[in-house]
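# Mind looking at a prediction? Sequence and model below.
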Amino acid sequence: MGKLNMPRTDLALEVRETFPEDDVEIQGVILKEEYNKKKDIKVTTVTIKDERGSKAMGKPIGTYITIEAVKLDEKDESFQEPISKEIAKYIRQLAGEVSGKEILIAGLGNREVTPDALGPQVVDNLLVTRHLKKEYGQEFLEKNKMGNISAIAPGVMAQTGMETSEILRGIIKETMPKLIVVIDALAARSVSRVNKTIQITDTGISPGSGVGNNRRALNKESLGVDVIALGIPTVVDAATIVMDSMEHFMQGQGFAEQEINQFTREVGEQSMRNMFVTPKNIDEAVKQISYTVSEALNQCFA
């Protein structure tokens, strides 16, 4: 699909896939792929090195790690344990040395809207320990091999009347964490990646960007603290599904690329842009995925 009709996606991997030169390196962007056949997990790392790469990708300079796991939303303990370890491995890779440091985990989203409830549900499953230091001292945490973890589910602006960044800045001022991990639901370009994909990045996140509700970015520049963002796509833009279906049909009918681009551009301009699709098993999927992610975070920091 042409760049003019780039569908909405929060995944750096999917942005990279929209370039027709799939086998040609984009200046300022490095792509690395690994596949673990035994675990059935594919890991793709997109590194945006400089401003050229940032401009081409439309994303900030940094590292974007995408873990694709087909059984992510299934109740299969034999798979969930290794995927939690895989998530923890890459969070540690981006976080660096965090032993003994205060970590704040923020679960973004609206817990009343199931596809957006991932962040709050992750927070519900976390082992928070910051209060134990205040009660029993640092020695207690070290003796029991516990991290120093606090957590918050700040809700959304429609519930609180406040930007998430405003809430987090207030918490940061009082608690002074050394690292913030934000968890949020994303939008994917491909139906096959919904509830099957985890993106971990050191560039932060813009809450609500996947569904067009851009809020102030949560990153080191805005919060003054290192930020790691972990997101999982739970919805797909309805227009994307329609455009993909029509594009394949028109290609089969022999339409020229210019005609296809014109049609998909007109479809993209319609009110369907405000509609998003999520799987019918989203309740069970979010519950399962939130548990898997919280286990990974507990392994990392608790």
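Received, thanks.

# for the residue nearest to the spatial centre of the chain, what are its contacts?
Residue closest to the average C-alpha location in the chain (Cα atoms, centre = their mean): Gly231, at 1.6 Å. By Cβ atoms under 8 Å, 6 or more residues apart in numbering, the contact set of Gly231 is Asp10, Ile183, Asp184, Ala185, Leu186, Ile198, Gln199, Ile205. (Each C-beta comes from the backbone N, C-alpha and C, glycine too.)

# Quick check: can you name the pairing partners of the longest strand anywhere in the chain and their directions?
The single longest strand within the chain, with elements called by DSSP state E, is strand 226-237. In its sheet, strand 226-237 lies beside strand 179-188 (parallel), strand 197-201 (antiparallel), strand 276-277 (antiparallel), with partners assigned from DSSP bridges.

# hang on, the earlier thing: write the PyMOL selection for whichever of the contacts of Gly231 are buried.
Applying 16 or more other Cβ atoms under 10 Å to the contacts of Gly231, the buried members can be selected in PyMOL as follows:
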select buried, resi 10+183+184+185+186+198+199+205
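
# now the contacts of Gly231 as CSV including pLDDT and distance to Val277?
CSV is the format used below for those (pLDDT from 0 to 100; distance: Cβ to Cβ, whole Å):
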residue, pLDDT, distance to Val277
Asp10, 88, 15
Ile183, 97, 22
Asp184, 95, 18
Ala185, 94, 13
Leu186, 93, 14
Ile198, 96, 20
Gln199, 96, 19
Ile205, 89, 22
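
# Pick the one among the contacts of Gly231 closest to Leu94.
Gln199 (11.5 Å; Cβ to Cβ).

# Look up which residues are beta-bridged to that closest one.
Under the criterion used (DSSP bridges), Gln199 bridges to Thr66, Gly231.

# For Met250, pull up the helix or strand it's in.
For Met250, the enclosing helix or strand under DSSP states H and E is helix 238-252.

# same question, Ser78
helix 77-95.

# same for that helix, what does it pack against?
Helix 77-95 sits against strand 41-48, strand 62-69, strand 179-188, strand 197-201, strand 226-237, helix 282-301, with contacts defined as 3 or more Cβ pairs under 8 Å, 6 or more residues apart in numbering; DSSP states H and E.

# For Gln159, which of these is the nearest?
Comparison of those against Gln159 by Cβ to Cβ identifies strand 179-188 as nearest, at 15.3 Å.

# thinking again about what came up before, tell me the gap between the longest strand of the chain and the middle of its chain.
2 Å (Cα atoms, centre = their mean, to the nearest Å).

# Okay, and the beta partners of the closest residue to Gly100 other than its chain neighbours?
Once flanking residues are discounted, Gly100 sits nearest to Asn148: 6.8 Å by Cβ to Cβ, 6 or more residues apart in numbering. Beta-bridge pairing of Asn148 under DSSP bridges involves Glu102.

# Now do the buried residues in the helix holding Ser78.
Neighbour-count burial for helix 77-95 [16+ other Cβ under 10 Å]: 79-80, 82-84, 86-91, 94-95.
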